[in-house]
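1. Would you be able to build a 3D model of this:
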Amino acid sequence: MQQHLLRFALPAGKKLWPNDLREALAKHDLPPLFFSRDPQTGHAITRAMRNEKRVRGYIEQHGHEPPPPTEEQRANPLAIPGIRIVGSSTWVGILATGERYKPLLEAATLPAIQIVTQRCGRGVGVELEQHTLSIKGLDDPKRYFVRNLVMKRGLTKTAENTTQVASRILSALERQAVAYSLDLPPTAQVDIHVESVVRPRGMRLVTSTGATEQFVGLADVEFYACLDLKGYWFAGNLTSRGYGRIIADHPAMSTGRYA
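-> The predicted structure is shown next:
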């Protein structure tokens, strides 16, 4: 599975966080799917109802059969965002996973250049990178970090966090592996061990129309797994806004900076 990343290098002293870039892009005339909204419904993309339990639940709630799947649900039945706005303190970018979503990246390129240039007050370095998303089992554990893992439910300031977070990371990897036809090693071999859940805290959800009354749990996570992850992997909620990016250990981690 190929990923395409439009990366902007931010000048020293300048900050533009992924969520800020996303909200600025929302003011431009971009296709709804760029913002993970189904073109046929106008609502956030949702999973296709493929099992009897979900269909029964829908009927009980609405009193009728669910509508037939949309084109996006047929192409993306697990509702994984094809476009994500990503970055850190030194760069910001737009990530498209799969050739289906590359045209959306291309449509946003010029508006993104204009926004970043205006926010930084000068031209910035721009690169179009290509990455291959892959996953492979390892004999020994490898260290990873999750930058700003968002959980809508279950994240509390207790020791139980490690179990809850490990389960969430595993389920996210399983879901992405299935969606992209990649072979994930058996759960026992993956052996996810959460070393720490740092600064668990609440965050108010903010959309393009302003702050909402909804809150989610947010934390930085360090974990080990017998996996070699290549490309850009994510865990948790709000990944289209760049939250929950899984980052492999490297020398810069010792300085407290996430790449």
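
2. All the strands of the protein, residue numbers only.
-> Residue ranges of the strands in the chain, as given by DSSP state E, are 2-9, 83-87, 91-97, 125-132, 134-151, 193-207, 210-230, 233-234, 245-248.

3. Which of those strands has the lowest mean pLDDT?
-> For the strands of the chain, the weakest mean pLDDT is recorded on strand 193-207, namely a mean of 74.

4. who are the neighbours in contact with Met203?
-> Taking C-beta atoms under 8 Å, 6 or more residues apart in numbering as the definition of contact, the neighbours of Met203 are 150, 215-218. C-beta: built from backbone N, CA, C; applies to glycine.

5. brain fart, Glu129
-> For Glu129, the contacting residues are 4-5, 7, by C-beta under 8 Å, 6+ apart.

6. Identify the bridge partners of it.
-> Glu129 has these beta-bridge partners by DSSP bridges: Leu5.

7. And the chain, what are its domain boundaries?
-> Domain assignment for the chain by the TED database gives 2-36+81-132, 134-248.

8. Next, format the ones you listed as TSV and append distance to His62.
-> TSV is the format used below for these (distance: least, C-beta to C-beta, whole Å):
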stretch	distance to His62
domain 2-36+81-132	23
domain 134-248	22
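
9. how near is the residue nearest to Arg241 when sequence neighbours are not counted to Asn237?
-> Once flanking residues are discounted, Arg241 sits nearest to Asn19: 5.1 Å by C-beta to C-beta, 6 or more residues apart in numbering. As defined by C-beta to C-beta, to the nearest Å, Asn19 lies at a distance of 13 Å from Asn237.

10. Just want to know which of these two has more residues nearby.
-> When Asn19 is set against Asn237 and neighbours are counted by other C-beta atoms under 10 Å, the residue ahead is Asn237, at 20 against 17.

11. Would you confirm that the more buried one contacts Arg168?
-> No - using C-beta atoms under 8 Å, Asn237 makes no contact with Arg168, being 9.2 Å away.

12. what sits in contact with each of those two?
-> Counting by C-beta under 8 Å, 6+ apart, the common neighbours of Asn237 and Arg168 are Met151.

13. Tell me the buried residues in stretch 128-141?
-> The neighbour-count criterion (16 or more other C-beta atoms under 10 Å) identifies 133, 135 as the buried residues of stretch 128-141.

14. got the contact list for Asp20?
-> Residues near Asp20 by C-beta under 8 Å, 6+ apart: Arg119.

15. any idea how far it lies from Ala112?
-> Distance from Asp20 to Ala112, counting by C-beta to C-beta: 12 Å.

16. same deal with Thr239?
-> From Thr239 over to Ala112 the distance is 19 Å, taken as C-beta to C-beta.

17. Reformat the contacts of Met203 as a markdown table; add distance to Lys142 and neighbour count.
-> Putting those into a markdown table (distance: C-beta to C-beta, whole Å; neighbours: other C-beta atoms under 10 Å) gives the following:
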| residue | distance to Lys142 | neighbour count |
| --- | --- | --- |
| Val150 | 23 | 21 |
| Phe215 | 33 | 12 |
| Val216 | 28 | 18 |
| Gly217 | 26 | 23 |
| Leu218 | 24 | 20 |
